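Trainee: Quick one, fold the following:
(chains A and B)
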Protein chains: 2
Amino acid sequence: MSVLVVGTVAFDSIETPYGSAERILGGSAAYFALAASLFAPVRVVGVIGRDFPEEYIELFTERNIDIAGLQKERGETFHWRGRYHEDINVRDTLELHLNVLAGFQPHLPESYRDAEYVFLGNIDPLMQAEVLNQMRAVQLVVCDTMDHWIRESPEDLRKVLKRIEILVINDSEAKLLSGYHNIVQAARAILKMGPKVVLIKRGEYGVLQFSDGAIFATPAYPLEEVFDPTGAGDSFAGGFLGQLARSGDGSEGGLRRAIVYGSVVASFTVEDFGVKRLAKVGLGEIEERYRSFAKLTDFHT
Amino acid sequence: MSVLVVGTVAFDSIETPYGSAERILGGSAAYFALAASLFAPVRVVGVIGRDFPEEYIELFTERNIDIAGLQKERGETFHWRGRYHEDINVRDTLELHLNVLAGFQPHLPESYRDAEYVFLGNIDPLMQAEVLNQMRAVQLVVCDTMDHWIRESPEDLRKVLKRIEILVINDSEAKLLSGYHNIVQAARAILKMGPKVVLIKRGEYGVLQFSDGAIFATPAYPLEEVFDPTGAGDSFAGGFLGQLARSGDGSEGGLRRAIVYGSVVASFTVEDFGVKRLAKVGLGEIEERYRSFAKLTDFHT
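Mentor: Presented below is the predicted three-dimensional model:
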């Protein structure tokens, strides 16, 4: 089964208490694709500018990520600049330049249109919808969003929510979208908006999965050193949907194990700047940490 | 095995978004004793004023909690007044009247001095040490503390930490005590101060257990309605140590299961004001929710 992702491919300039990096590869589609490609074939839909360097393209091609849908446009690549606090869970956006993303119209290559699994990364809900419109055989749609779209494009977002199976969203955004402070009430309200499953990302506190009949709760993998949390959420989504595509197991247990795989991939991502660790990690390390994760949470031993 | 607790027995006046209550039973020793007594015999060391009502005494005696060590002094009972925000995880202390607690000197009745399990609730570390001084056969000491003692009595607290096996502490206080922002680094630093095990309480996000060789991470039981979070931490400690006393199992697995029991007891406590739900819950309900908890976190199914 192959996975299609639409999202941003970006330059990130990042400051953390441990150092800084300029114009490194970032964006939701980049993190997702590198993560998901550990498990399954991945096709990327997105836009880059003429300034996008060949070495970043090679990071994709080394993982056999299909970039036929990565449009190169006249102009500069989307650029985000952010700074993390001493408390690494807090960050400020210092600069945001949409550049070529401003006029982006996704066009799926013919070879993409039969993909069965789709991740709608955090972009304008109108672009997310446009991708779905061009697909022919989609079986499972996973969607992310953020506070900006919840506030500025609520109606477009609501329409997308009716067309997806799984919403991946962080806890503060789930509260914003639903209007509830309590996360269980928030998730139940979101389930009524369309998705069959809601995954609440809680950063270093882990993930909650809500569906009609069940709740699954899992902590995050505890790390002694978090260098750069950028891309953790998209790496999680990539590991999650990649594992679902690999296993073909959409049962409750299959979803739960995919969540743990997603958490494991995200735990590698944050160990170094940008995609540095994620681009190097192998499936053997993933499987090993998955087993550690099982020991970490087991109390029947 | 019997459990001894020293801590506050208090009047709490509480406002939450769901209502308010005046001068209801509160305090670390009260919550701990009601929780632990579900699993094992409990003896309370503390102080109350002449204004302490008989009906609250009856809540203890109905659970067969031994109050021979609950000293009644001339003056008024310790009184705390607090208000919770719309986001129920945030609270302000509005009033704090130490009253009889100000001059409290713990004196253990002769019948208490052979208790094997001790919980040093959140009081002055000098009083915590004084309780340990009077005990003859102690096997396992669990200790709680708070930001006030970390800031105001760091040396007294450090001496207590050298005499205990398990520290139960919330995450912001663990960071304050250790000077580390990262919770894994914070816990490792605290382990060097004396305790063999550190339990980090993260409220609605669950609990982390650190020891020399292992980490255990567990989420909290997700609740649709949290009426009053007061006493959740002490109920957790009571369920935890009560279960250890009941099982006598201090292995890694035994500690982990005790953490889940503690989390389950705390999840009942917050369902109603003060000790209302905790005082009524039965062991059958506890065991049932323990089984739900196991399903909630299982991904091998």
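Trainee: Which residue would be the closest one in the stretch 1-150 of chain A to chain B?
Mentor: residue A:87 (5.4 Å; C-beta to the nearest C-beta). (Glycine included, C-beta is placed from N, CA and C.)
Trainee: how deep is the closest residue to that residue other than its chain neighbours tucked in, by neighbour count?
Mentor: Once flanking residues are discounted, residue A:87 sits nearest to residue B:181: 5.4 Å by C-beta to C-beta, 6 or more residues apart in numbering or on different chains. Using other C-beta atoms under 10 Å in any protein chain shown, the number of residues around residue B:181 comes to 15.
Trainee: and residue B:181, what pLDDT?
Mentor: Residue B:181 is assigned 90 on the pLDDT scale.
Trainee: So residue A:68: helix, strand or coil?
Mentor: Classification of residue A:68 by DSSP: H, G, I helix; E, B strand; the rest coil places it in strand.
Trainee: one step back: can you classify the residue nearest to residue A:87 as helix, strand or coil?
Mentor: From three-state DSSP, the assignment for residue B:181 is coil.
Trainee: which residues does it contact?
Mentor: A:86, A:87, A:88, B:175 (C-beta atoms under 8 Å, 6 or more residues apart in numbering or on different chains).
Trainee: secondary structure class for the nearest residue to the last one once chain neighbours are set aside?
Mentor: What sits nearest to residue B:175 in space, not counting adjacent residues and going by C-beta to C-beta, 6+ apart, is residue B:186, at 5.2 Å. When states are read from three-state DSSP, the local structure at residue B:186 comes out as helix.
Trainee: Distance-wise, check residue B:186 relative to residue A:181.
Mentor: 28 Å (C-beta to C-beta, to the nearest Å).
Trainee: Tell me what the nearest residue to residue A:138 once chain neighbours are set aside is bridged to.
Mentor: Of all residues not flanking residue A:138 in the chain, residue A:118 sits nearest, at 5.5 Å (C-beta to C-beta, 6+ apart). Beta bridges link residue A:118 to residue A:4, residue A:141, judged by DSSP bridges.
Trainee: What number of residues are in the vicinity of residue A:118?
Mentor: Counted with other C-beta under 10 Å, residue A:118 comes out at 25.
Trainee: neighbours around the residue nearest to residue B:175, how many?
Mentor: 24.
Trainee: which ones are touching the closest residue to residue A:2 other than its chain neighbours?
Mentor: Spatial nearest neighbour of residue A:2, chain neighbours left out: residue A:41 (4.3 Å); criterion: C-beta to C-beta, 6+ apart. If a contact means C-beta under 8 Å, 6+ apart, then residue A:41 has A:2, A:3, A:64, A:66 as its contacts.
Trainee: same deal with residue A:217?
Mentor: Per C-beta under 8 Å, 6+ apart, neighbours of residue A:217: A:206, A:207, A:208, A:209, B:206, B:219, B:220, B:222, B:296, B:297.
Trainee: at 7 Å instead, please
Mentor: A:208, B:219, B:222, B:296, B:297 (C-beta atoms under 7 Å, 6 or more residues apart in numbering or on different chains).
Trainee: Can you tell me, leaving aside adjacent residues, what's nearest to it?
Mentor: Using C-beta to C-beta, 6+ apart, the closest residue to residue A:217 is residue B:219 (3.7 Å).
Trainee: so who does that neighbour touch?
Mentor: Going by C-beta under 7 Å, 6+ apart, the list of residues near residue B:219 reads A:206, A:217, A:218, A:219, B:205, B:206, B:297.
Trainee: got the residues of the stretch 51-200 of chain A near chain B?
Mentor: A:86, A:87, A:88, A:181, A:182, A:184, A:185 (C-beta under 7 Å from any C-beta of the partner chain).
Trainee: And the buried ones among the residues you listed, selectable in ChimeraX?
Mentor: To isolate the buried ones among those in ChimeraX, judged by 16 or more other C-beta atoms under 10 Å in any protein chain shown, type:
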select /A:88,182,184,185
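Trainee: from the residues of the stretch 51-200 of chain A next to chain B, which has minimum pLDDT?
Mentor: Comparing these by pLDDT, residue A:87 comes last, at 82.
Trainee: Let me know the secondary structure of that one.
Mentor: coil.
Trainee: repeat for residue A:295
Mentor: Classified using three-state DSSP, residue A:295 is helix.
Trainee: Farthest-apart pair in the contacts of residue A:41, please.
Mentor: A:3 and A:64 (12.2 Å; C-beta to C-beta).
Trainee: and the helix or strand containing residue A:292, what does it pack onto?
Mentor: Here residue A:292 sits within helix A:283-297, counting by DSSP states H and E. For helix A:283-297, the elements it packs on are helix A:252-269, strand B:215-218, judged by 3 or more C-beta pairs under 7 Å, 6 or more residues apart in numbering or on different chains; DSSP states H and E.
Trainee: export the ones you listed to a markdown table and tack on mean pLDDT?
Mentor: A markdown table is the format used below for the helices and strands packed on helix A:283-297 (pLDDT from 0 to 100):
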| stretch | mean pLDDT |
| --- | --- |
| helix A:252-269 | 98 |
| strand B:215-218 | 98 |
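Trainee: Which one of these lies nearest to residue B:27?
Mentor: Short answer: strand B:215-218, nearest of the helices and strands packed on helix A:283-297 by C-beta to C-beta, at 26.3 Å.
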